[in-house]
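[1] what shape does this take:
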Amino acid sequence: MYDRRKGSSSPFEQTVFLLSEAGRAADSLLARRLEDRGMSPVHLTVLSTLARLGPHARLDLAARLQVPAADATRTLDDLQSAGLVQSLFVQVGGRHEVVTLTSAGETALELLHGEAAAAQHDLLASLTRGERTQLNSLLRRVCATAARVAGAGRDPQQTAS
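    Predicted structure coming up:
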């Protein structure tokens, strides 16, 4: 049985397991909402990345998103067919295909961000506004620590001291 003072003896009550479960639920909720719009989380990620960081060469975008080039190409082709991104060819040290967001892509991204907000609202419905704010703050700190640990290739216990 869980005793908050001692932590949990059950691996199913440990924070890392709960974070994983919440992540799977969030992924599922978001994927269903995006699917209703004919999109996937990868489509959302590509559009968001182009909006936030600007035009990218196809291969650079695949590398940044850490997805296989073939998957990135399929996703970009979907988005281009829908008129949400466009490709331009530039001659800089060789010929490169650069992908950029269109105005229709910006509009679609706003709708998709609305779907993400709705999924978040559904997932966090049992929390008060203050608890949601606190959770967001805590998760930002956890993510920052995780990024530092992953980048340094160290054990998380070493960063806590």
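[2] distance of residue 42 from residue 80?
    The gap separating residue 42 from residue 80 is 14 Å, by C-beta to C-beta, to the nearest Å. From N, CA and C alone the C-beta is placed, and that goes for glycine too.
[3] who has more neighbours out of these two?
    residue 42 (19 against 15; other C-beta atoms under 10 Å).
[4] okay, now the unreliable bits of the chain?
    For the chain, applying pLDDT under 70 flags the ranges 1-9, 11-12, 153-161.
[5] quick check: closest non-adjacent residue to the one residue sitting closest to the centre of the chain.
    Compute the mean C-alpha point of the chain, and by C-alpha atoms, centre = their mean the closest residue is residue 45, 5.9 Å away. In this structure, residue 45 finds its nearest non-sequential neighbour in residue 65, 6.1 Å apart by C-beta to C-beta, 6 or more residues apart in numbering.
[6] ok, now how distant is the one you found from residue 54?
    15 Å.
[7] now the helices for the chain?
    Assigned by DSSP state H, the chain shows helices spanning 15-35, 41-53, 58-65, 69-81, 103-123, 129-152, 156-160.
[8] could these be laid out in JSON lines, adding distance to residue 96?
    Converted to JSON lines, the helices of the chain look like this (distance: least, C-beta to C-beta, whole Å):
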{"stretch": "helix 15-35", "distance to residue 96": "29"}
{"stretch": "helix 41-53", "distance to residue 96": "15"}
{"stretch": "helix 58-65", "distance to residue 96": "8"}
{"stretch": "helix 69-81", "distance to residue 96": "14"}
{"stretch": "helix 103-123", "distance to residue 96": "20"}
{"stretch": "helix 129-152", "distance to residue 96": "28"}
{"stretch": "helix 156-160", "distance to residue 96": "38"}
